[in-house]
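In: got a predicted structure here, sequence first:
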Amino acid sequence: MSIFNARNSSVSPPPSINVTPLIDVLLVLLIIFMVIQPQKEAKLPVKAPDRAPIDSPPSPATLMLTVSGDMQLSLNSKPVEIDALLPLLADLMEQRPADSRALLIKAPGGLAYGPVALLIDLAKGSGVITVGLIQD
């Protein structure tokens with residue numbers, strides 16, 4: 001009986017997990033993955049347009065939607081209301097082949113993002129494939 005009492009009377013500390021070897025293994029794995037990571041960056045093809053001569057007027061096939069600071073719209077220098085913009089652009093895009101369905105939106109730099117995003121949505125909804133933004 002004394003043997004059982006002696007075992008119960010001795011108090012041992014609760015077991016704990018030693019995390020130092022785990023951290024060492026994780027650091028080694030991190031270093032290994034950093035070394036085998038490919039060092040070259042993905043190269044995306046970018047076509048930069050050629051600079052147009054300053055003297056040349058834009059081609060008549062280019063559609064440019066100009067927005068003034070007080071949200072007055074003009075399409076190729078002709079005033080247009082925002083309600084008439086969607087049907088007008090849809091008619092123009094139906095007449096064009098798919099590769100030339102582009103619209104340039106020219107807006108002042110201080111204009112809020114919301115109205116310009118609305119114009120981009122209207123253009124995409126009317127069949128415009130490529131939308132270009134020009135800061136006035």
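Out: Right, received. Where do you want to start?

In: from Leu30, how far out is the residue nearest to the spatial centre of the chain?
Out: Centroid-nearest residue in the chain: Ala117, 13.1 Å away (criterion: CA atoms, centre = their mean). Distance of Ala117 to Leu30, computed by CB to CB, to the nearest Å: 41 Å. (Each C-beta comes from the backbone N, C-alpha and C, glycine too.)

In: over to Leu73?
Out: Counting by CB to CB, the gap from Leu73 to Leu30 is 55 Å.

In: for Asp136, same thing?
Out: With CB to CB as the criterion, Asp136 and Leu30 are 49 Å apart.

In: Ile17 now?
Out: On the measure of CB to CB, Ile17 and Leu30 end up 21 Å apart.

In: what does Met64 give?
Out: 52 Å.

In: now the helices for this protein?
Out: With helices called from DSSP state H, the chain shows them at 2-9, 20-36, 82-94, 113-125.

In: and the ones you listed as TSV, adding distance to Leu103 and mean pLDDT?
Out: Converted to TSV, the helices of the chain look like this (distance: least, CB to CB, whole Å; pLDDT from 0 to 100):
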stretch	distance to Leu103	mean pLDDT
helix 2-9	86	55
helix 20-36	46	91
helix 82-94	7	88
helix 113-125	5	88
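
In: out of these, nearest to Pro49?
Out: helix 113-125 (19.3 Å; CB to CB).

In: that older thread, rebuild the helices of the chain as CSV, extending it with distance to Val131.
Out: Formatted as CSV, the helices of the chain follow (distance: least, CB to CB, whole Å):
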stretch, distance to Val131
helix 2-9, 81
helix 20-36, 40
helix 82-94, 11
helix 113-125, 5
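
In: nearest approach to Lys43 belongs to which of those helices?
Out: helix 20-36 (20.6 Å).
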